[in-house]
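> the following block contains a protein sequence and its predicted model.
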Amino acid sequence: MKFLRLLATVVCLALAPPPSALVSAFFLPNISSIPPSLLPNVSSAAWNAFRNFSGCHAGERRDGLAKLKKYFRYFGYIPDSPSNFTDDFDDALESAIKTYQRNFNLDPTGQLDDATLKQIVRPRCGNPDIVNGTTAMNSGKEALVNASHFHAVRHYTFFPGTPRWPDGQIDLTYAFLPDNQLADEAKAVFSRAFERWSAVTPLTFTATDSFAAADIKIGFFSGDHGDGEPFDGVLGTLAHAFSPPNGRFHLDRDEDWVVTGDVTASSVSTAIDLESVAVHEIGHLLGLGHSSVAGSIMYPTITSRTRKVELATDDIQGIQVLYGSNPNYNGSSSTTSPSQERESSDGGASRASGSRWAARAVVAVGLGTLLF
Ligand SMILES: [Zn+2]
Ligand SMILES: [Zn+2]
């Protein structure tokens, strides 16, 4: 399997028409012409085995359920639990499933029905949905919601304590981990993602070469990278980001990231749109938590070969509670305008090239618990 992936990557590299389109070995060029036999096998993706639990319900015992419990613990649905889970479908698991189902707008049956499992195995953000046992997503709001007014309820959420960048620090800088050696094309993707948030707030984002001094530090990592939140290879968790004013933004280097071209037309079933994930994680860097609105940027999951980069009304309302509106924002839910497109075309990326910094991205000492 590993070999096939490697082979596929090699083929990708060989087929890339203009060398300049290649950003690095972990970004996909235009891959539509790769023979299917050489493409990554999605069945190896992190959580696909969970599909075998279809129909499983309370009182049963199934091999591997302990792994599903770990999944739910990772995302906050089984709080304060020991790590030695059993394969029993117990009350804690049933409760976790019900809460998960409410958060993702599913029928809260407490059973592992197909709709629930389909959602569970979707690639997603590594940040938990529930922090310190409390959820601000759907399940935490239900008690407050009159069903007849459900659609009027705002779903955006914040981190506990509602951290945000302070008033005197709204002109933020960002930098890329020098070891990643990102090409300008990849840097421009992040620039466009930042622009979507600055279009609706007074915040500004400027690329800098000074990785150590930057407010926001962006890096691609494989597996364990020192902050207690290891990445898991293809699909599964895609990225995670810390709440303000921490500024750390980490992406899973093992994903098949798509930088340019139409991700929806990709022949690679594991292709993930970089800009879509970047827009989501920047929301975290600015103080937003996960939302239960499926169309929002801050919804926790994104399927492969999907592009979702436009801020939804829910996202805009949430970020403007924290920072207010951009004086030029006209109230449209669309965050793309011709002027923004023009501004982002140079992406600030050229300013970030030629970085000489050798500092490592992760300085984990004492920060592991600050993930939220
Ligand atoms: Zn997230
Ligand atoms: Zn990390």
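Happy to help now that I have it. Residues are numbered from 1 along each chain as shown. Ligands and ions are numbered 1, 2, ... in the order given.

> give the burial count for the closest residue to ligand 1 within the stretch 101-250 of the chain, as a bare number.
Closest to ligand 1 within the stretch 101-250 of the chain is Cys125: 2.9 Å, counting by CB to the ion. For the C-beta atoms, the positions are set from N, CA and C on the backbone; glycine is no exception. Using other CB atoms under 10 Å, Cys125 has 23 neighbouring residues.

> cool, Gly223 as well?
Residues lying near Gly223 (other CB under 10 Å) number 11.

> for Gln181, see how far away it is.
Gly223 is 19 Å from Gln181, where distance means CB to CB, to the nearest Å.

> show me what from the stretch 1-150 of the chain comes close to ligand 1.
125, 127 (CB under 5 Å from the ion).

> the stretch 1-150 of the chain: strands as residue ranges?
27-28, 130-131, 134-135 (DSSP state E, counting those that start in this stretch).

> could you dump those into a markdown table and include mean pLDDT and mean neighbour count?
Below are those laid out as a markdown table (pLDDT from 0 to 100; neighbours: other CB atoms under 10 Å):
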| stretch | mean pLDDT | mean neighbour count |
| --- | --- | --- |
| strand 27-28 | 70 | 26 |
| strand 130-131 | 90 | 22 |
| strand 134-135 | 75 | 18 |
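
> what's the closest of those to Ala214?
The minimum distance between Ala214 and the strands of the stretch 1-150 of the chain falls on strand 27-28, with 21.6 Å, by CB to CB.

> low-confidence stretches in this structure?
For the chain, the stretches with pLDDT under 70 are 1-26, 28-45, 141-153, 332-372.

> okay, the strands of the stretch 1-150 of the chain in TSV with distance to Pro327 next?
Shown next, in TSV, are the strands of the stretch 1-150 of the chain (distance: least, CB to CB, whole Å):
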stretch	distance to Pro327
strand 27-28	36
strand 130-131	33
strand 134-135	34
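
> need the ones you listed in a markdown table (columns: distance to ligand 2).
Output for the strands of the stretch 1-150 of the chain, formatted as a markdown table (distance: least, CB to the ion, whole Å):
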| stretch | distance to ligand 2 |
| --- | --- |
| strand 27-28 | 19 |
| strand 130-131 | 16 |
| strand 134-135 | 22 |
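
> to Asp91, which of the ones you listed lies closest?
Of all the strands of the stretch 1-150 of the chain, strand 130-131 sits nearest to Asp91, with 17.1 Å by CB to CB.

> name every strand pairing with the closest one and say which way it goes.
The pairing partners recorded for strand 130-131 under DSSP bridges are strand 134-135 (antiparallel).

> tell me the phi and psi of the spatially most central residue of the chain?
Geometric centre of the chain, nearest residue: Cys125, 3.4 Å, by CA atoms, centre = their mean. Main-chain dihedrals, Cys125, degrees, to the nearest 10: phi -70, psi 140.

> picking that back up, closest to Gly64 out of the strands of the stretch 1-150 of the chain?
Among these, the nearest to Gly64 by CB to CB is strand 130-131 (22.7 Å).

> which residues make contact with the closest one from outside it?
With CB atoms under 8 Å, 6 or more residues apart in numbering as the contact definition, strand 130-131 has outside contacts at 75-77, 79, 99, 137, 140, 159-160, 289, 372.

> if we use 10 Å, what do you get?
For strand 130-131, contacts defined as CB atoms under 10 Å, 6 or more residues apart in numbering pick out 72, 75-79, 96, 99-100, 103, 136-137, 139-140, 157, 159-161, 243, 289-290, 371-372.

> list the contacts for the closest residue to ligand 2 within the chain?
Proximity of the chain to ligand 2 (CB to the ion) peaks at His250, 3.4 Å away. Applying CB under 10 Å, 6+ apart to His250 gives the contacts 126, 177, 217-221, 225-227, 229, 231, 237, 239-242, 281, 361-362.

> quickly note the distance from it to Ala66.
27 Å.

> just to revisit the earlier point, then the residue of the chain closest to ligand 2 would be within a strand, right?
Yes. Counting by DSSP: H, G, I helix; E, B strand; the rest coil, His250 is found in a strand.

> burial count for Ala49?
Using other CB under 10 Å, Ala49 has 15 neighbouring residues.
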